[in-house]
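# this is a predicted model, with the sequence first.
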There are 2 protein chains.
Amino acid sequence: MPIPTHQSLVDLLPPKLLRLLEAAGTTRFYHDGQVLHTQRADSVGLSIVLSGRVRFGLYTTDGSFNLSGILGRGHCFGEVTLFANRPRAYHAEAFGETEVLSIGRQAFNALYDAHPRFARAVTVTVTQRLYEALDTADDLRHRSIEQQIAMMLLRVARTGGFDDDEIPLRQSDIAFSLGKSRVSVGKALDRLRQRGLISLGYGSITIRRRVELLAMGGED
Amino acid sequence: MPIPTHQSLVDLLPPKLLRLLEAAGTTRFYHDGQVLHTQRADSVGLSIVLSGRVRFGLYTTDGSFNLSGILGRGHCFGEVTLFANRPRAYHAEAFGETEVLSIGRQAFNALYDAHPRFARAVTVTVTQRLYEALDTADDLRHRSIEQQIAMMLLRVARTGGFDDDEIPLRQSDIAFSLGKSRVSVGKALDRLRQRGLISLGYGSITIRRRVELLAMGGED
DNA sequence: GGTAAAATACTAAAAATTTAGCATTTTTAG
DNA sequence: CTAAAAATGCTAAATTTTTAGTATTTTACC
């Protein structure tokens, strides 16, 4: 069901428009682990990852961090603050050296109204993300935990731009994201490992057979 | 967590723009049960419910229909065909006498490019829906089945415009939507009924204490 | 009104999942 | 290099959920 089509905002923009955005916003560098914003923060603006990666997640009351996703180059975040009038949904921090372009509300609105192509690119991104979220929710309901893990690995690999196929996910991240216990996730990962689809590391998982992993999404 | 903010597209449009849309599209009447489109259909266009309601769902291989949601007056659907280049995600059919405005790709694009306010309204709708979907997915992972049922009832009541608080949902619809067995859903519904929050009918559930039901979403 | 279909109600055994541990391995920091 | 911290690996009892039934109630239709 889940078709890996999610394009990044930058993929959808003509280079000319990207330059306009860069001129209208401010580019900042972040070091590994540096906080971009905390969850529930009420800052407003669209951000675009120019290089590096941003990790999103939630801090629980006991101080541990639960990863929700990773966005790599070209992807954007913050639309919710501009269009849904809501605070930041997740805590965001740099993953490695990272460069982020931020565009405030005023500048964003001006560009959005003046350039239909930009408006369209934003809408396309959000729409694709919506249907990806619906697919993910579908998976949560109707697929086995192995299948869910397979899709999560592929999704994080794609949005985070991990070409080397080693995905920086702890088993507890997967457990939290899937709403399962760490024990169940560990067992399922072991079954995937036995089938040779992945191999397990310390704080990371390596994709061994991408095609077969992808195929797990097709079975109904 | 889930804040019931989802506004309908028509709520977000100035009346003038709505009239432009009506002029650019075609309005059709549908009888109860009449099919608007089937799942996976590749028709393209934005549709707006002008009156009545549309039921969305999936037909399983054994011919039974699983309801996913109901959209009432003012809500739109079909953005996925325009922006994500995907076929229709669900089967759609009228629920009661229903009036739907449909705008084809050409007309939609012309209006979208010419009227930033329209573009903005579409993006707002999709963004709100995205964050609602993310919330729903969160609920699937981290909330009890009673809580999930509570939010589903409120969501369908809201988007479907059921002011009388009797929601036309079968227990099997809820079970499918939540990815649980019918037995588990029946038990959970019985617990909610014992607490006086709902009462159970044949093919429908009636909300008795909306405030307490809403409060179930707040507990973490 | 009577019958068939659809939906809900109920049950108990089987299966899956979580919980709450402790042990082991790997990494990080000093 | 060493100690502490973080993450994974493993286990068994307790709990939850599903499965696979049948029974009962409600509705639709002839």
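Yes, it's here. Keep in mind that this is a model prediction, so the values were computed, not measured.
# can you tell me the element the residue lying closest to A:F176 once chain neighbours are set aside falls in?
Counting by Cβ to Cβ, 6 or more residues apart in numbering or on different chains, A:F176 lies nearest to A:N66, which is 4.1 Å off, once chain neighbours are set aside. The way it works is simple: take the backbone N, C-alpha and C, and place the C-beta from them, glycine included. Per DSSP states H and E, A:N66 falls inside strand A:65-71.
# and the average pLDDT for that strand is what?
For strand A:65-71, mean pLDDT rounds to 93.
# low-scoring stretches of chain A, by residue?
The model of chain A has pLDDT under 70 over residues A:1-5, A:219-220.
# what does it put close to DNA strand C?
Counting by Cβ under 7 Å from any atom of the strand, chain A comes close to DNA strand C at A:I145, A:G179, A:K180, A:S181, A:R182, A:V183, A:S184, A:G201, A:Y202, A:G203.
# the strand holding A:N66 near DNA strand D at all?
No: residues of strand A:65-71 are not located near DNA strand D by Cβ under 7 Å from any atom of the strand, the shortest gap being 8.2 Å.
# what is the very next helix or strand once past that strand packed up against?
Toward the C-terminal end, the helix or strand that comes next after strand A:65-71 (DSSP H and E) is strand A:76-77. Using 3 or more Cβ pairs under 8 Å, 6 or more residues apart in numbering or on different chains; DSSP states H and E, the elements in contact with strand A:76-77 are strand A:46-59.
# what lines up beside the strand it packs on in the sheet?
strand A:65-71 (antiparallel), strand A:76-77 (antiparallel), strand A:91-103 (antiparallel) (DSSP bridges).
# can I get the ones you listed in CSV including distance to B:S47?
Shown next, in CSV, are those (distance: least, Cβ to Cβ, whole Å):
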stretch, distance to B:S47
strand A:65-71, 31
strand A:76-77, 28
strand A:91-103, 32
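# looking at the ones you listed, which is buried most?
strand A:76-77 (a mean of 24; mean count of other Cβ atoms under 10 Å in any protein chain shown).
# chain B contacts on chain A?
A:3, A:5, A:79-80, A:83-86, A:89, A:112-113, A:116, A:119-120, A:122-124, A:126-131, A:133-134, A:136-137, A:140-142, A:176-179 (Cβ under 8 Å from any Cβ of the partner chain).
# before we move on, back to that, residue contacts, the residue nearest to A:F176?
Counting by Cβ atoms under 8 Å, 6 or more residues apart in numbering or on different chains, A:N66 touches A:G57, A:L58, A:Y59, A:T60, A:S172, A:D173, A:F176, A:S177.
# ChimeraX command to pick out the buried ones of these?
Command for ChimeraX that selects the buried part of these, burial taken from 16 or more other Cβ atoms under 10 Å in any protein chain shown:
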select /A:57,58,172,173,176,177
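# so which of the contacts of A:N66 reach DNA strand D?
A:S172.
# for the residue nearest to A:F176, list each beta-bridge partner.
Taking DSSP bridges as the rule, A:N66 bridges to A:L58.
# so A:T26 sits against A:S102, correct?
Yes: judged on Cβ atoms under 8 Å, A:T26 makes contact with A:S102 at a distance of 5.7 Å.
# on that earlier part again, between the strands paired with strand A:46-59, which gets nearest to B:R210?
Of all the strands paired with strand A:46-59, strand A:65-71 sits nearest to B:R210, with 30.5 Å by Cβ to Cβ.
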